[in-house]
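what's the 3D shape of this:
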Amino acid sequence: MSSVVVSELAYSPPGADQLFFDVSFGVSPGEHAAIVGPNGVGKSTILKILTGQYEADDGEFSIGGTFLQMTQDVGMSKPDDSLRDMLIEVAPTALREAGKKLFAAEKAMMSGEDDGMKYAEALGDWGDLGGYDLETQWAASAQRSVKTPVDNFATRLVSQLSGGERKRLVLDLLLTSGADVLFLDEPDNYLDIPTRGWLEEQIKACKSTILMVSHDRTLLERVATKIVAVEGSGAWVHGGSYVTFPEARQKRQELLGDDLKRWNDEERRLFHHMKIMKQRAAQNFKNATKANGAETRWEKFVKAGPPPPPVADQQIYVRFRGADSARRVVKFEAVAIGELFMPFSDEVHFGERLGLIGPNGTGKTHLLNALNGKAEGLVGNITFGPRTSVGMFNQVNDRPEFHGRECIEIVRDRLSDEQKSMGALARYGLRNNARQEFQTLSGGQKARLEILSLELAGHNVLLLDEPTDNLDIDSSEALERAIEGFEGTVIAVSHDRTFLANFDRFIMITDDGDVYELPDYDIALAGLSAPAELATLRLAKPLTV
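Modelled structure (predicted):
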């Protein structure tokens, strides 16, 4: 049976406190379940445990039938790899190992290190396990997903595909694989809006049991048939769509009762966990450390006494200050970036929320970078009005200058005062990460720290490149509220439909390089759905000069 059953899963990252110790849920055959929860709570970690990348400290799980997985950074971490290298990583285990042996033997034979015997043997194993059928699937998925033909998967580099093409290629392969179970970590990241629509239809049509992590609220509302909420140290299940999840969570919180009842419930849960660990320690001395830890946790909780800590709701407060500037903030004069799109002219005025939209690979991020002073390939002129201060949020939050530095140090550079720095981290839900080094943060935590750094700089023009991609839902909503109250101008590249719904107008770049102004969200969605009809779309204004 293609089910997933998880019971009392526990995990502690190396050298860190326990991330969770009471995660239990089930996904029935054919269900499409989504794991939701705050950044850093352990959503991706759960998928990594289920797929064998991490080993749980405790608990049990079972997966019925065959499974395939897609990691959050698939195709992104090794751009110099070939497409063959990328796709073999998402193959079934036996085929993956046989493929790697085949590629190594091929390389040895080509370099003269082997006479070809090992290659012949590896080729035989590859064929016996179904490698040729897999190559046929690769070709079919590439034909559907990649704009230019892929003639040779061994020589075509990952870097020659856009991030969206890489992700779509892997998703197409997995969703048509026939695997019993699919584990998808952030499948929507790097996908443009039309491709997200394609993904929704593919997931709905897929017969596999799916367990995924996503922060795309529109996608969750349209495809998830069950929600696994990870919060605190455990998990609970909402057996319905994300549309009804917020209301269900609110009702659940109300049913927890008053402060004393919540404290009693938590005390009983910790006590029960301690007793179980004591029993296991009595049977196996290797569990003694875990039992002592459980007892210490319970004793500390009881010693603190009622009332209990607040309900584990995130309170994220983003405060973009901004400032006044001239009415004309940015002027584009016959601007183009290489041959990505045709020259266009436009003006952005103070207070506008402008969305840059269009398919992947059309040059939106390049245009945003040009606004930020990185003018590689820039044609024409971009000029800013008086009293403008520009800050940019990058889609890839890997800041080399932050590596090896603790969060509190990074914020203290901007605030000087230790207490104020801790307060700022607390507003972003990062107080407990204050002494954690930047590179060890989750993707969402890095994104929060990036936004906090942007806030503290006090700019009045914000350039945002996919700001919600790695943010949890609470953080995305906090960012939206901050932008709504921001005294300044926002120019953003985003494929998050809920986020874009709050913007004033849009500039769309098509695959053909045409540039259009679209005056509202509904017309923007219509343009994305039917780009060939943009010229006839009501109120769509060509900007190409």
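
from here on, just use CA atoms for contacts and neighbour counts.
Fine.

hey, where'd the helices end up in the stretch 201-350 of the chain?
217-223, 245-255, 259-283, 288-304 (DSSP state H, counting those that start in this stretch).

out of those helices, which is the most enclosed?
helix 217-223 (a mean of 19; mean count of other Cα atoms under 10 Å).

now for it, which elements pack on it?
helix 193-205, helix 497-500 (3 or more Cα pairs under 8 Å, 6 or more residues apart in numbering; DSSP states H and E).

again, only using 10 Å
Judged by 3 or more Cα pairs under 10 Å, 6 or more residues apart in numbering; DSSP states H and E, helix 217-223 is in contact with strand 32-36, helix 193-205, helix 497-500.

tell me which of the ones you listed lies nearest to Ile408.
strand 32-36 (27.2 Å; Cα to Cα).

direction included, what does the closest one pair against?
With DSSP bridges as the test, strand 32-36 is paired with strand 209-213 (parallel), strand 226-231 (parallel).

hey, least reliable of those strands by pLDDT?
Lowest mean pLDDT within the strands paired with strand 32-36: strand 226-231, at a mean of 94.

is it true that Trp126 touches Ala105?
No - using Cα atoms under 10 Å, Trp126 and Ala105 do not qualify as a contacting pair, with a distance of 11.8 Å.

what is in contact with the two at once?
Gly99, Ala120 (Cα atoms under 10 Å, 6 or more residues apart in numbering).

Phe21: neighbour count?
21 (other Cα atoms under 10 Å).

do the same with Ser241
By the criterion of other Cα under 10 Å, Ser241 has 18 neighbours.

which residues touch Asn284?
Lys278.

scratch that, Leu534 is what I was asking about
Neighbours of Leu534 in contact, by Cα under 10 Å, 6+ apart: 508, 510, 514-516, 518, 523-524, 526-528, 540-542.

one more pass at 6 Å, please.
Leu534 is in contact with Gly527, counting by Cα atoms under 6 Å, 6 or more residues apart in numbering.

quick check: phi and psi on it?
When quoted as degrees, to the nearest 10, the phi and psi of Leu534 stand at phi -60, psi -40.

from Pro542, how far out is it?
Separation of Leu534 from Pro542 (Cα to Cα, to the nearest Å) stands at 9 Å.

same deal with Lys226?
43 Å.

same question, Glu376
Taken as Cα to Cα, the span from Glu376 to Pro542 is 25 Å.

which of the two has more neighbours?
Pro542 (17 against 12).

wait, what's in contact with the more buried one?
Pro542 neighbours (Cα under 6 Å, 6+ apart): Tyr516.

please name every helix or strand in contact with the longest strand along the chain.
Longest strand in the chain, counting residues (DSSP state E): strand 328-337. Strand 328-337 is packed against strand 344-349, strand 378-384, with contacts defined by 3 or more Cα pairs under 6 Å, 6 or more residues apart in numbering; DSSP states H and E.

now for these, which one comes closest to Gly429?
Closest among the helices and strands packed on strand 328-337, once you apply Cα to Cα, is strand 344-349, at 33.2 Å.

where does this structure have low pLDDT?
1, 255-260, 306-317, 322-325, 396-398 (pLDDT under 70).

buried sites along stretch 359-367?
Neighbour counts over stretch 359-367 (16 or more other Cα atoms under 10 Å) mark Pro359, Asn360, Gly361, Thr362, Gly363, Lys364, Thr365, His366, Leu367 as buried.

so how far does that stretch reach from one end to the other?
14 Å.

and the contacts of that stretch?
Asp192, Leu340, Asp511.

surely the first one meets His495?
This means Asp192. Yes - assessed by Cα atoms under 6 Å, Asp192 is found in contact with His495 at 5.3 Å.

who has more neighbours out of the two?
Taking other Cα under 10 Å, Asp192 and His495 do not tie; His495 has more neighbours (29 against 23).

SS state for that one?
coil (DSSP: H, G, I helix; E, B strand; the rest coil).

gap between it and Gly64?
The gap separating His495 from Gly64 is 34 Å, by Cα to Cα.

likewise for Val318?
Computed as Cα to Cα, the Val318 to Gly64 distance reads 43 Å.

of the two, who's got more company?
Comparing Val318 with Gly64 by neighbour count (other Cα under 10 Å), the higher total belongs to Val318, at 22 against 15.

and for the closest residue to the more buried one other than its chain neighbours, the neighbour number?
Sequence neighbours aside, Ala482 is the residue nearest to Val318 in space, at 5.5 Å (criterion: Cα to Cα, 6 or more residues apart in numbering). Residues near Ala482, counting by other Cα under 10 Å, number 17.

what do you get for Thr51?
17.

over to the residue of the chain most remote from its centre. Which of the three states is it?
In the chain, the residue that sits farthest from the middle, by Cα atoms, centre = their mean, is Asp115; the gap is 45.3 Å. Classification of Asp115 using three-state DSSP returns coil.

do Leu464 as well
strand.

my read is that it contacts Phe393, right?
Yes - contact criterion Cα under 6 Å: Leu464 and Phe393 qualify, at 4.8 Å.

hang on, the earlier thing: can I get the helices of the stretch 201-350 of the chain in JSON lines with distance to Leu87?
As requested, these are arranged in JSON lines below (distance: least, Cα to Cα, whole Å):
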{"stretch": "helix 217-223", "distance to Leu87": "25"}
{"stretch": "helix 245-255", "distance to Leu87": "35"}
{"stretch": "helix 259-283", "distance to Leu87": "42"}
{"stretch": "helix 288-304", "distance to Leu87": "39"}
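
quick one: which of the ones you listed is nearest Ile491?
Checked against Cα to Cα, the stretch from those lying closest is helix 217-223, at 21.4 Å.

what's in contact with that closest one?
Tyr242, Val243.

can you pull out the strands in the stretch 1-150 of the chain?
Using DSSP state E, counting those that start in this stretch, the strands of the stretch 1-150 of the chain run over residues 4-11, 20-27, 32-36, 58-63, 67-70.

quick one: which of those strands is nearest Ala424?
strand 32-36 (24.8 Å).

distance from the closest one to the middle of the chain?
14 Å (Cα atoms, centre = their mean, to the nearest Å).

quick revisit: just send the helices and strands packed on helix 217-223 back as a markdown table, with distance to Asp216 and mean neighbour count too.
Converted to a markdown table, the helices and strands packed on helix 217-223 look like this (distance: least, Cα to Cα, whole Å; neighbours: other Cα atoms under 10 Å):
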| stretch | distance to Asp216 | mean neighbour count |
| --- | --- | --- |
| strand 32-36 | 10 | 25 |
| helix 193-205 | 9 | 17 |
| helix 497-500 | 8 | 19 |
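
from Ala98, how far off is Tyr132?
12 Å.

of the two, who's got more company?
Neighbour count, other Cα under 10 Å: between Tyr132 and Ala98, Ala98 has more, with 21 against 13.

excluding its backbone neighbours, what's nearest that one?
Nearest to Ala98 is Trp126, by Cα to Cα, 6+ apart, at 5.7 Å.

could you give the number of residues near that neighbour?
Should you count by other Cα under 10 Å, Trp126 turns out to have 22 residues around it.

where's the spatially closest residue to Ser453 that is not a sequence neighbour relative to Ser3, distance?
Among residues not flanking Ser453 along the chain, Val411 sits closest, at 7.0 Å (Cα to Cα, 6+ apart). According to Cα to Cα, Val411 and Ser3 sit 45 Å apart.

who has more neighbours, Leu464 and Phe393?
Leu464 (22 against 19).

any idea what the more buried one is bridged to?
Beta-bridge partners of Leu464, as defined by DSSP bridges: Phe393, Ala492.

just to revisit the earlier point, could I have the longest strand of the chain exported to PDB, CA atoms only?
Provided in PDB are the C-alpha atoms of strand 328-337 (Å, rounded to 0.1, in the frame of the first residue of the first chain):
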ATOM      1  CA  ARG A 328       9.600  60.300 -10.000                       C
ATOM      2  CA  VAL A 329      11.700  57.500  -8.400                       C
ATOM      3  CA  VAL A 330      13.000  55.700 -11.400                       C
ATOM      4  CA  LYS A 331      13.100  56.500 -15.100                       C
ATOM      5  CA  PHE A 332      13.800  53.800 -17.700                       C
ATOM      6  CA  GLU A 333      15.000  55.200 -21.100                       C
ATOM      7  CA  ALA A 334      15.200  52.700 -23.900                       C
ATOM      8  CA  VAL A 335      16.400  50.100 -21.400                       C
ATOM      9  CA  ALA A 336      17.300  46.500 -22.400                       C
ATOM     10  CA  ILE A 337      19.600  43.800 -21.000                       C
END
